[in-house]
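Participant: next comes the sequence, and after it the predicted model I'd like to discuss.
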Amino acid sequence: MSHLILGAMVRTIGAYPSGWRYPGAHRDPRLDADALRRTAAIAEEARLDYLFFGDWLATGHDLEFVDPYLVARIDPLSAVTYLAGHTSRIGLIATADSNFADPYTLARATASADVLSGGRVGLNLVTAVDPRSAANHGRDFHTTNGSRYDRAVELEQVLRRLWDSFEDDAVVADVASGTYLDASRLHATDFHGEHLSVAGPLNVLRPVQGHLPIVHSGTSPRSRLFAAQSADLALVAVNDLAHAVSIREELRALAFESGRDDRTLKVIAPVLPIVGETRAHAQALAEDLAELVQVAEDWPEGPPAGFPAQRSLAQLASHVGVDLSGRSPDDLVGPDLVARFGEAGQVLVEIVAERTGRTPTGERPPSLRQLLVAASVNASMIVGTAAEIADEFEAWADAGAVDGFNVLSAVQPAQFEEFAFQVVPELQRRGVFPTEYEGTTLREHLGLERPDNVHVTGGDPNLAVARR
Ligand SMILES: Cc1cc2nc3c(=O)[nH]c(=O)nc-3n(C[C@H](O)[C@H](O)[C@H](O)COP(=O)(O)O)c2cc1C
């Protein structure tokens, strides 16, 4: 039976720029091993489908303010392999960068993690955009978007051929005859593309899942085509419900055109719920988090190097269409000022009212900082009680906007616990999310079939080239 897919996007120090500053939040990455085990235990108790580890192959001052979790963190495949030994049911998805990954090494590490976890590992293939990642991998220039996707297509094909090196029954281990391996069931990879060339076979058994479920996250038309042709899960960035419906329809249509059963492509949206016992509690937390986000004017001598340019009153002024010079981020925004805002500014006022309950005509008007944070911090935030957040999830699923959600938590572990132990039970009570794990592998959690071996079905190694 198909149900809502729910995964947790793991960011140990929180998925909001100021989350680590909140009282009681995990903030020391030296203790990440404990934090990872605790997150995994909570997620598994709530019976989430998977933990999802994104990645970024560079670091720097700028990330401190944009996404502090990215500054110093555990490598995703290491985290997944570590957690394979500390969990028993939940899926574990690691991100790898298709630009720089060596196919043999990636196939080997992921197949190993899948065998070690009993078939619970997935692979998110991304085509990184940060030019610093090129310099970190001995490349002197970042290649074009098209070329990065060409390599991703080849990588996906070659990974499948490598994972399928051994047929499921290739190792005979027949003591009586002394036959260990049926050599006819071990296959060379023999892939020769424009970007990748791999002889094979792989020196790890076929993964428990056959092929690991492949996730792709991206936004461009080329990204959509790649997800539709090559991925099991498409992780998409969406602005609102209507946008999500159209993206899912487009992805499904592209999958169908490429000859796939389009129902096998699951579309997942990231979401950041702020959960409170009452709506007012949730709004107070959203407000506190916004107040803790620094903006350029907090440094009278100017912000530190790498501070995001869009987080300044000058940028807010151009967004709302009103000169804000001479004002302070903590100035309140009353009806007279709002009356002069353009359309984008009016939308911002509505977003802040929804998140914090503050309105320009109310007793406690919003501050300029709150408007600026809403405009410059990228987060699909839903603020409310467990029932209100469940309502929203259900509405999206019923509208055909998504097959599931990757849930981010602003404050770790408190907000993740609220989600796991308040929102998930509410979804279970409504029958949209199961109360028990029904299968043992990540594929089973996602409702995906185990694929045939491409060497047995005669998969074409040059399909990658034909797909462009
Ligand atoms: C929801 C979402 C999550 C992403 N997560 C990652 C990530 O963890 N690591 C990464 O390097 N890129 C990540 N990306 C970036 C994409 O892989 C891709 O590099 C970016 O979207 C630019 O390519 P595009 O213009 O084709 O979409 C993510 C993109 C989206 C939409």
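Facilitator: Arrived safely. Residues are numbered from 1 along each chain as shown.
Participant: contacts, neighbours, all on C-alpha from now
Facilitator: OK.
Participant: tell me the residues of the stretch 101-250 of the chain that contact the ligand?
Facilitator: Residues of the stretch 101-250 of the chain lying close to the ligand by Cα under 6 Å from any ligand atom are 126-129, 217-220, 222-223, 235-237.
Participant: for PyMOL, what selects the buried ones among those residues?
Facilitator: Applying 16 or more other Cα atoms under 10 Å to these leaves a buried subset, and the PyMOL line that selects it is:
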select buried, resi 126+127+128+129+217+218+223+235+236+237
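Participant: nearest to residue 162 among the residues of the stretch 101-250 of the chain next to the ligand?
Facilitator: Within these, the smallest distance to residue 162 is 19.2 Å, found for residue 126 (Cα to Cα).
Participant: so how far is the helix or strand encompassing residue 352 off the chain centroid?
Facilitator: Assignment of secondary structure by DSSP states H and E places residue 352 within helix 343-356. The chain centre lies 26 Å from the centre of helix 343-356; the measure is Cα atoms, centre = their mean, to the nearest Å.
Participant: which residues sit in contact with the closest residue to residue 192 other than its chain neighbours?
Facilitator: Of all residues not flanking residue 192 in the chain, residue 198 sits nearest, at 6.6 Å (Cα to Cα, 6 or more residues apart in numbering). Applying Cα atoms under 8 Å, 6 or more residues apart in numbering to residue 198 gives the contacts 103, 104, 158, 189, 190, 191, 192.
Participant: for the ligand, what is the nearest residue in the stretch 351-468 of the chain?
Facilitator: Proximity of the stretch 351-468 of the chain to the ligand (Cα to the nearest ligand atom) peaks at residue 406, 8.8 Å away.
Participant: surely that residue and residue 270 touch.
Facilitator: Yes: if you go by Cα atoms under 8 Å, residue 406 and residue 270 touch, sitting 4.5 Å apart.
Participant: which residues do these two both contact?
Facilitator: By Cα under 8 Å, 6+ apart, no residue touches both residue 406 and residue 270.
Participant: hmm, back to that, which SSE is immediately downstream of the helix holding residue 352?
Facilitator: Next along from helix 343-356, by DSSP H and E: helix 368-376.
Participant: off-centre distance for that next one?
Facilitator: Computed by Cα atoms, centre = their mean, the chain-centroid distance of helix 368-376 equals 24 Å.
Participant: alpha carbons of it, as CSV, please.
Facilitator: C-alpha atoms of helix 368-376 as CSV (Å, rounded to 0.1, in the frame of the first residue of the first chain):
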residue,chain,number,x,y,z
LEU,A,368,12.6,44.8,10.0
ARG,A,369,14.9,41.9,11.1
GLN,A,370,12.0,39.5,10.9
LEU,A,371,11.1,40.7,7.4
LEU,A,372,14.8,40.5,6.3
VAL,A,373,15.2,37.0,7.7
ALA,A,374,12.0,35.8,5.9
ALA,A,375,13.4,37.3,2.7
SER,A,376,16.9,36.0,2.9
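Participant: contacts for it next, please.
Facilitator: By Cα under 8 Å, 6+ apart, helix 368-376 touches 287, 290-291, 293, 295, 310-313, 316, 328-333, 348-349, 351-352.
Participant: number of residues surrounding residue 266?
Facilitator: 24 (other Cα atoms under 10 Å).
Participant: and if you look at the one 5 residues further on?
Facilitator: The number of residues packed near residue 271 is 21, by other Cα under 10 Å.
Participant: report the angle between the helix or strand containing it and helix 343-356.
Facilitator: In this structure, residue 271 is located in strand 266-275 according to DSSP H and E. Inter-element angle recorded for strand 266-275 and helix 343-356: 70 degrees (by axes from the mean of the first three to the mean of the last three Cα atoms, to 10 degrees).
Participant: what ranges of this structure fall below the confidence cut-off?
Facilitator: The model of the chain has pLDDT under 70 over residues 1, 140-142, 459-468.
Participant: run the last query once more with 90
Facilitator: Applying pLDDT under 90 to the chain flags the ranges 1-2, 61-62, 128-135, 137-147, 239, 305-306, 378-379, 458-468.
Participant: just the strands in it please.
Facilitator: In the chain, the segments counted as strands under DSSP state E are 5-9, 50-53, 91-97, 121-126, 171-174, 179-181, 191-192, 197-198, 214-218, 233-236, 266-275, 381-384, 404-407.
Participant: got the domain ranges for this structure?
Facilitator: Following automatic domain parsing, the chain resolves into domains at 5-274+382-466, 294-376.
Participant: kindly reformat these as TSV containing distance to residue 281.
Facilitator: Shown next, in TSV, are the domains of the chain (distance: least, Cα to Cα, whole Å):
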stretch	distance to residue 281
domain 5-274+382-466	8
domain 294-376	9
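Participant: inside helices: which ones of the contacts of helix 368-376?
Facilitator: 287, 290, 291, 313, 316, 348, 349, 351, 352 (DSSP state H).
Participant: how close does residue 333 get to residue 231?
Facilitator: Distance of residue 333 to residue 231, computed by Cα to Cα, to the nearest Å: 46 Å.
Participant: between these two, who's got more neighbours?
Facilitator: More neighbours surround residue 231 than the other of residue 333 and residue 231, with 24 against 21 (other Cα under 10 Å).
Participant: so what sits opposite the residue nearest to the more buried one when sequence neighbours are not counted in the bridge?
Facilitator: Once flanking residues are discounted, residue 231 sits nearest to residue 214: 4.9 Å by Cα to Cα, 6+ apart. Residue 214 forms beta bridges with residue 123, as assigned by DSSP bridges.
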